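Enquirer: sequence unknown, structure follows:
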């Protein structure tokens, strides 16, 4: 029954303008006005006879009009006898990540990880021994498939990076499940700016003994310059088209001081799924945590008291260090994190 | 911080072509091919020193390289100490409906109802005494607001129709919560074809002693005629823009024979959120239940054995009866359902 044509070429199609991220900031606007109601009718009230091709069951017994029911005459939740509709969010607990999957977009809602100076020093895993794999814990009709990404024009972009899970082969393998992936623009994003951003998160372990990162996709609206309306618009890839290509990605970073009940330095970032010039400051992508919450429908720090919160980018310089792809391949081993040194004047070091 | 302009005019903007529904049928396509892998790199491996503005904590103790960890050095799920991210689906159990809310789109995932010949005859509720209301059980930042709909150009479209809950005022009032609404095109859809479709569902009680209906929004991809790519594109209304305007709506109908463990006649329909000519046959919008499942990420009849299933539109003539808005207002009372009569030749009766 498939009537679909394969989307062969894609590349940096999203073309997400800077104006888009403005949508993230639309929080805490005016208090609710006493909006007048719009006259609208949803339903008809006529009930003439319908047609059927089989004999009718017995006629119902009418109750007297205006009778007040002692108990409801209907049972809306009774439909659950046929199965609860969901949505099921497919929580996955792997040794290197915990995630929740969105069966509508076939991408995760979020993927959480934990890195420490020690975990990044361990080298039991090698990505050359890992293979991308479908997540068979998710029902076939809702999971992303290898073939959906094939020739889609997009990378299978890790949400928890493989390089954060080098501490064992199993840990690394866990990051290669498609439930840890989203379609990402390759050149200029997944292989470049996003990779530098992931590296920034790892470098935080130079200063914090424990860093937690939650990563996931966003589908943000953009104002149409022609009619002025706001629209969410994203490509879907696969056969049939079913895996959403996010317009943006977020990371919420919890940098912990290592003390029980201690301080947590919070930072939230939203980057467009598009080529980003390396000279763009990372801090341009910093947003309030609440902006990610409103856009994603999720909550990230509801149990973290204000007194324990600090602002990450006031503690460290939130900036990337550019190391080109070829250079990264030549020096694949992670050197021990350098201890805190004098703040660098430039946010970018080539 | 709001940078948004109010979307004052909208109307039937979705302009969803018939080709769109083809996306629903893309089920059960070719078996998975042995897709070759796409070379992609998500992460860097360098770890030079980052910059900071506060003194560093103690340096980490490096573990020996290639050590096999007896237990994982990290705890990804530990981030839940700051609150579980969700998504929370805000289940609502009212006397006239049960629903699940989507905090990202600010629309329901689904709303389930139950109607019987007796419940439709009862007249304890009057919509003139009901008022649209925000659902205060949903956190403020995730709920749809009255002001979001105001001047949006869209109706507040009931998912469970008010006319299905006339059996008490409380039942009817329950249907006026915004968690039972989606932005719907008014003229030609919510006030016309969709209303006739809701009427069709009520008329089913002429033949089935118990009818369950699950209704909800869809956001379906459409093939771009220019580049051939499939894209999901939908407007978002409100201040800031945050309530999604669905491209389509579905209903999954369970018409029960009233016997314990008896037969259930299943029908699923997907209609575009757009003007639909009254002469368009309802059966054009019938789809396999699985198509709604793949598009919505939900499951509707996973516990209903095949032996108990029948096909609704093979049992009754799935067709609407057009009764114009003014006529419906003149005869607001619901007449008792007619018993099964001879099948009508024409699906449309003016």
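Expert: Arrived safely, thanks for sending. Everything quoted here is computed from the prediction, not taken from an experiment.

Enquirer: C-alpha from now on. contacts and neighbour counts both.
Expert: Will do.

Enquirer: Assumed residue A:318 was part of a helix.
Expert: No. Looking at residue A:318 with DSSP: H, G, I helix; E, B strand; the rest coil, it is coil, so not inside a helix.

Enquirer: Surely it touches residue A:282?
Expert: Yes. With contact defined as CA atoms under 8 Å, residue A:318 reaches residue A:282; the gap is 6.3 Å.

Enquirer: quick one: secondary structure of residue A:101?
Expert: With three-state DSSP as the basis, residue A:101 sits in strand.

Enquirer: For chain B, see how far away it is.
Expert: Using CA to the nearest CA, to the nearest Å, we find residue A:101 at a distance of 10 Å from chain B.

Enquirer: is it true that that residue touches residue A:91?
Expert: Yes. Residue A:101 is within contact range of residue A:91, at 6.7 Å (criterion: CA under 8 Å).

Enquirer: More neighbours: which of those two?
Expert: When residue A:101 and residue A:91 are compared for neighbours, residue A:101 comes out ahead with 23 against 17, by other CA atoms under 10 Å in any protein chain shown.

Enquirer: how many other residues sit next to residue A:287?
Expert: Look at residue A:287: counted by other CA under 10 Å, it has 19 neighbours.

Enquirer: Quick check: closest non-adjacent residue to residue A:250.
Expert: residue A:270 (4.4 Å; CA to CA, 6 or more residues apart in numbering or on different chains).

Enquirer: Repeat that for residue A:165.
Expert: Residue A:165's closest residue in space is residue A:172 (CA to CA, 6+ apart), at 4.9 Å.

Enquirer: what are the ranges of the strands in the stretch 101-250 of chain A?
Expert: Counting by DSSP state E, counting those that start in this stretch, one finds strands in the stretch 101-250 of chain A at the ranges A:107-115, A:155-158, A:181-184, A:210-218, A:221-223, A:230-237, A:243-244, A:248-256.

Enquirer: okay, those strands in TSV with mean neighbour count next?
Expert: Below are these laid out as TSV (neighbours: other CA atoms under 10 Å in any protein chain shown):
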stretch	mean neighbour count
strand A:107-115	27
strand A:155-158	26
strand A:181-184	27
strand A:210-218	25
strand A:221-223	25
strand A:230-237	24
strand A:243-244	24
strand A:248-256	24
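
Enquirer: Mean pLDDT added to the ones you listed, as JSON lines?
Expert: What follows is the strands of the stretch 101-250 of chain A, written out as JSON lines (pLDDT from 0 to 100):
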{"stretch": "strand A:107-115", "mean pLDDT": "98"}
{"stretch": "strand A:155-158", "mean pLDDT": "98"}
{"stretch": "strand A:181-184", "mean pLDDT": "98"}
{"stretch": "strand A:210-218", "mean pLDDT": "98"}
{"stretch": "strand A:221-223", "mean pLDDT": "97"}
{"stretch": "strand A:230-237", "mean pLDDT": "98"}
{"stretch": "strand A:243-244", "mean pLDDT": "98"}
{"stretch": "strand A:248-256", "mean pLDDT": "98"}
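
Enquirer: closest to residue B:182 out of these?
Expert: Closest approach to residue B:182 among those (CA to CA): strand A:230-237, 15.8 Å.

Enquirer: helices or strands next to that closest one in the packing?
Expert: strand A:221-223, strand A:243-244, strand B:230-237 (3 or more CA pairs under 8 Å, 6 or more residues apart in numbering or on different chains; DSSP states H and E).

Enquirer: Centre of the chain to it, how far?
Expert: 15 Å (CA atoms, centre = their mean, to the nearest Å).

Enquirer: Each with direction, which strands does it pair with?
Expert: Note on strand A:230-237: by DSSP bridges, its sheet partners are strand A:221-223 (antiparallel), strand A:243-244 (antiparallel), strand B:230-237 (antiparallel).

Enquirer: and those strands as a markdown table, adding distance to residue A:78?
Expert: Shown next, in a markdown table, are the strands paired with strand A:230-237 (distance: least, CA to CA, whole Å):
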| stretch | distance to residue A:78 |
| --- | --- |
| strand A:221-223 | 37 |
| strand A:243-244 | 32 |
| strand B:230-237 | 33 |
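
Enquirer: how about the ones you listed, which one is nearest residue A:185?
Expert: Using CA to CA, the nearest of these to residue A:185 is strand A:243-244, at 12.7 Å.

Enquirer: Residues contacting that closest one, please?
Expert: With contact meaning CA atoms under 8 Å, 6 or more residues apart in numbering or on different chains, strand A:243-244 is reached by A:105, A:106, A:107, A:144, A:148, A:182, A:183, A:234, A:235, A:236, A:237.

Enquirer: about what we covered before: these two touch, right, the residue nearest to residue A:165 and residue A:97?
Expert: No. With contact defined as CA under 8 Å, residue A:172 does not reach residue A:97; the gap is 9.9 Å.

Enquirer: Residue A:230 and residue B:244, how far apart?
Expert: Using CA to CA, to the nearest Å, residue A:230 is found at 10 Å from residue B:244.

Enquirer: Need the residues touching each of those two.
Expert: Common neighbours of residue A:230 and residue B:244, using CA under 8 Å, 6+ apart, are B:235, B:236, B:237.

Enquirer: quick one: the last one and residue A:223 touch, right?
Expert: No. Shown here, residue B:237 and residue A:223 do not form a contact pair, counting by CA under 8 Å, at 11.1 Å.

Enquirer: pLDDT below threshold where in the stretch 51-200 of chain A?
Expert: A:51-70 (pLDDT under 70).

Enquirer: ok, back up a step: closest to residue B:135 out of the strands paired with strand A:230-237?
Expert: That would be, of these and by CA to CA, strand B:230-237, which comes in at 17.5 Å.

Enquirer: Can you name the residues in contact with that closest one?
Expert: Under CA under 8 Å, 6+ apart, the answer for strand B:230-237 is A:7, A:221, A:229-237, A:241, B:7, B:14, B:148-149, B:152, B:219-224, B:242-247.

Enquirer: 6 Å instead?
Expert: By CA atoms under 6 Å, 6 or more residues apart in numbering or on different chains, the surrounding residues in contact with strand B:230-237 are A:230-236, B:220-224, B:242-245.

Enquirer: what does stretch A:301-315 give?
Expert: Here stretch A:301-315 makes contact (CA under 6 Å, 6+ apart) with A:263, A:264, A:265, A:266, A:267, B:53, B:82, B:83.

Enquirer: Equivalent analysis for stretch A:90-105, please.
Expert: A:89, A:108-113, A:142, A:171, A:243-244, B:76-77, B:296-297.

Enquirer: How many neighbouring residues does residue A:126 have?
Expert: Count around residue A:126 with other CA under 10 Å applied: 18.

Enquirer: And the nearest residue to residue A:211 once chain neighbours are set aside, how far from chain B?
Expert: Spatial nearest neighbour of residue A:211, excluding adjacent residues (CA to CA, 6+ apart): residue A:255 at 4.5 Å. The gap separating residue A:255 from chain B is 11 Å, by CA to the nearest CA.

Enquirer: Brilliant, that's me finished.
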